[in-house]
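[1] sequence and predicted model, in that order:
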Amino acid sequence: MKDWIASWDEIVAGRVTDVYFSRTLKVLEAEGLRPRVRAEFTAGRLPEGWAWAVVAGTHEALELLGRLPVTVRGVPEGTIVGPGEVVLEVEGVYPEFAVYETAVLGLLCQSTGIATQAARCRLAAGDRTLVSFGARRMHPALAPVIERSAYIGGCDGVSTLAAADRLGIPATGTMPHALVLVVGDCAEATLAFRRAVGPDVPLVSLIDTFNDEKFEALRVAGALGRDLAAVRLDTPGSRRGDFERIIREVRWELDLRGHRDVGIFVSGGLSEADLTRLRPWVQGFGVGTAISAARTVDFSMDIVEVDGRPVAKRGKCSGSKDLYGCAGCGTRQVVPRGRPPGEPCPCGGAWERLTRDLLRGGGWRFGPETVQAVRERVAAGLRGLAPGGP
Ligand SMILES: [Zn+2]
């Protein structure tokens, strides 16, 4: 093998499986057992005490499962779910899909974690621009997956070309310290950027390389005039002191000298809480590790029915289930499949079934959806949710 990246073909061939599943297949074959089962994917608990998660990674899971003789029900990608709520249910002959458990979990767990953290950052950033800058923290082969999840979760833009191409959006970025260092001066670098890159890309000058942010911001604003869209502060931690005060000071001085239209863009190790704190003085955020290295949402796959009989391990409810959501308040309720909630939601809103047929007979029953459609579902789901909450 030339490298350490598993190919899609290896995943389809079931090679990215935990060995205990392939040994289980051996046992079932030797015993002549081919039970028909239903298996559900749920996360019993969410990381960081989160009360909700944005389901993502479903598109890849369905592509993988769509090659198998199984039926899949579940919620569309971008649906907001809580702990213990079923996101996918696979029905089929167990030995025919057993080895895909590891891969399907990996697809769902990572993408859901990233999309959820991006959605939480979206709430924290309010109407400010939010860009995914964290591809560099993760294996480059995963950059498109990571940035897709960040984008559907609520980022306005992504930084890598490979992800932007796939999403059909322009990549977003400013300028690196490397450019300022090799040109040797912040204002010169910004002027050179404007000459070479052209007016279609908003001009954002990185002002923390050599000098104090306040004086550099004023110098660049003076040199570039109306061409300057924003200044970026990526101030190193060792020089940050009180980052919020530095930003407020830059804002004050820019405003005082008539540069109200010059925005402030910040980046560098920002957390969800930083976005809330800095939002009043900032037009945009570049968020890296907090999103790209988000905690995974630890789904598990559990068998809940064998040959038509409801059965589940200790701690799990058996049988096939439907998830309903209230159109009024967003509350959700899990019920046995085919038994809608009897009572209306206490808020008076109507229940709608969120669980759908997703795959049947090798074909998509719902989707595949565009990334924009998934992103809009997330945005709609976030309405009414408060930033910083559980
Ligand atoms: Zn309700």
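    Cool, the structure landed.
[2] Val183 reaches Arg195, doesn't it?
    No: with contact defined as CB atoms under 8 Å, Val183 does not count as touching Arg195 (11.6 Å). Bear in mind the C-beta positions are built from the backbone N, C-alpha and C, glycine included.
[3] between those two, which has more neighbouring residues?
    The residue with more neighbours, out of Val183 and Arg195, is Val183; 17 against 8, by other CB atoms under 10 Å.
[4] tell me the secondary structure at Ala273.
    Using DSSP: H, G, I helix; E, B strand; the rest coil, the three-state assignment for Ala273 comes out as helix.
[5] neighbours of the residue lying closest to Val311 once chain neighbours are set aside, just the number please.
    Excluding the flanking residues, the one nearest Val311 by CB to CB, 6 or more residues apart in numbering is Ser318, at 5.3 Å. Residues lying near Ser318 (other CB under 10 Å) number 18.
[6] using the three-state scheme, assign Ser318.
    Of the three states, Ser318 takes coil under three-state DSSP.
[7] surely it touches Val306?
    No: between Ser318 and Val306 there is no contact under CB under 8 Å: 9.5 Å.
[8] just list the residues touching the nearest residue to Pro202 once chain neighbours are set aside, thanks.
    Spatial nearest neighbour of Pro202, excluding adjacent residues (CB to CB, 6+ apart): Ala229 at 3.9 Å. Residues near Ala229 by CB atoms under 8 Å, 6 or more residues apart in numbering: 202-204, 262-263.
[9] confirm Glu101 sits in a helix?
    Yes: assigned with three-state DSSP, Glu101 falls within a helix.
[10] buried residues in stretch 297-309?
    Going by neighbour count (16 or more other CB atoms under 10 Å), the buried part of stretch 297-309 is 297, 299, 301-306.
[11] quick check: end-to-end length of that stretch?
    The straight-line separation of the ends of stretch 297-309 (CA to CA, to the nearest Å) is 29 Å.
[12] how about stretch 229-242?
    24 Å.
[13] I'd like the average pLDDT over it.
    Averaging pLDDT along stretch 229-242 gives 92.
[14] hmm, back to that, drop anything exposed from the contacts of Ala229.
    Among the contacts of Ala229, those buried by neighbour count (16+ other CB under 10 Å) are 203-204, 262-263.
[15] what is the nearest of those residues to the ion?
    For the buried ones among the contacts of Ala229, the minimum distance to the ion (CB to the ion) is 38.8 Å, reached by Gly263.
[16] looks like the closest one contacts Phe285 (just checking).
    No: counting by CB under 8 Å, Gly263 stays clear of Phe285, with 11.2 Å between them.
[17] and the most centrally placed residue in the chain, what is it in contact with?
    Centroid-nearest residue in the chain: Ala115, 1.9 Å away (criterion: CA atoms, centre = their mean). Residues near Ala115 by CB under 8 Å, 6+ apart: 53-56, 78, 149-150, 152-153, 378.
[18] going by distance to Arg136, which of the residues you listed wins?
    Nearest to Arg136 out of those is Ala150 (CB to CB; 13.2 Å).
[19] show me what from the chain comes close to the ion.
    Residues of the chain that fall close to the ion, judged by CB under 5 Å from the ion: 326, 328-329, 331, 345, 347, 349.
[20] now those residues in a markdown table, with pLDDT, neighbour count and secondary structure?
    Shown next, in a markdown table, are the residues of the chain next to the ion (pLDDT from 0 to 100; neighbours: other CB atoms under 10 Å; DSSP: H, G, I helix; E, B strand; the rest coil):
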| residue | pLDDT | neighbour count | secondary structure |
| --- | --- | --- | --- |
| Cys326 | 94 | 19 | strand |
| Gly328 | 89 | 15 | coil |
| Cys329 | 90 | 13 | coil |
| Thr331 | 93 | 14 | coil |
| Cys345 | 94 | 19 | coil |
| Cys347 | 94 | 11 | coil |
| Gly349 | 92 | 15 | coil |
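[21] appreciated, that's everything.
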